[in-house]
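# Quick one, structure for this:
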Amino acid sequence: MDKDRKTLIADAAIALLASAGAKGLTHRAVDAEAGLPVGSTSFYCRTRADLLTLTLLRHAALDMEDLLADQARMEAAGFSLDDFIELLADRVADWLSPAKRARLVARFELFLIASREPELATIATQQRQRFRLATEAALTRAGVADAAAAAPLLLVTVDGLLIDQIGASGPGPTRDRQKAMFRMVLGL
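Take a look at the predicted model:
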């Protein structure tokens with residue numbers, strides 16, 4: 001087995017959240033999705049809260065991997081603001097791609113669950129803070145004057161684009177329109 005059991009369980013939970021929603025996320029369903037013997041998920045995650053916490057942390061780690069890859073691309077490109085905006089449009093396209101759509105749907109399921117469960121809300125808030133700080137640092141390196149004010153606005157713009165497209169039956173804003181939105185948010 002390539003993945004450790006907890007990672008396998010969390011990845012299966014992400015897939016289930018995307019396909020069946022919060023109500024479909026049970027320990028038995030995760031076992032089945034992961035191809036593990038019945039009781040395996042319960043061994044690692046005694047409660048639903050434990051399972052949701054593991055899943056939220058795994059989801060955040062996957063998103064952070066994407067952001068770190070973006071950061072490496074920015075460093076190679078020299079951190080110009082135009083390069084940052086291109087990279088952000090690439091990130092939106094990647095997260096909307098068929099390969100990552102399930103993860104995107106799971107992200108918003110997790111946010112909705114966290115809105116009703118305080119311990120998950122705390123973790124979600126901490127993860128959002130990490131993403132905001134990473135975005136702020138990238139904006140600062142790209143030369144944005146008030147990166148601290150721009151970062152949260154940019155994050156909600158990206159989230160808005162993503163959530164708009166989850167259930168959309170038609171095409172969303174073009175890449176050029178997305179880049180124009182990012183420039184507008186950045187005051188350019």
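
# Can you list the low-confidence ranges for the protein?
1-2, 169 (pLDDT under 70).

# rerun that using 90 as the cut-off
Applying pLDDT under 90 to the chain picks out residues 1-3, 64, 67-84, 96-98, 134, 138, 141-143, 145, 164-174, 187-188.

# Quick check, central residue of it?
Nearest to the mean C-alpha position of the chain, by C-alpha atoms, centre = their mean, lies residue 63 at 4.7 Å.

# doesn't residue 53 make contact with residue 10?
No. Contact status for residue 10 versus residue 53: not in contact, 9.7 Å apart, counting by C-beta atoms under 8 Å. The C-beta positions use only the backbone N, C-alpha and C, and glycine is treated the same way.

# Those two: who's more crowded?
residue 10 (27 against 17; other C-beta atoms under 10 Å).

# tell me how far stretch 63-77 is from the chain's mean position?
14 Å (C-alpha atoms, centre = their mean, to the nearest Å).

# Enumerate the positions of it that are buried.
63, 70-71, 74 (16 or more other C-beta atoms under 10 Å).

# I'd like those as CSV, with distance to residue 37 and secondary structure appended.
Formatted as CSV, these follow (distance: C-beta to C-beta, whole Å; DSSP: H, G, I helix; E, B strand; the rest coil):
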residue, distance to residue 37, secondary structure
63, 30, helix
70, 38, helix
71, 39, helix
74, 44, helix
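
# closest to residue 90 among the residues you listed?
residue 70 (7.9 Å; C-beta to C-beta).
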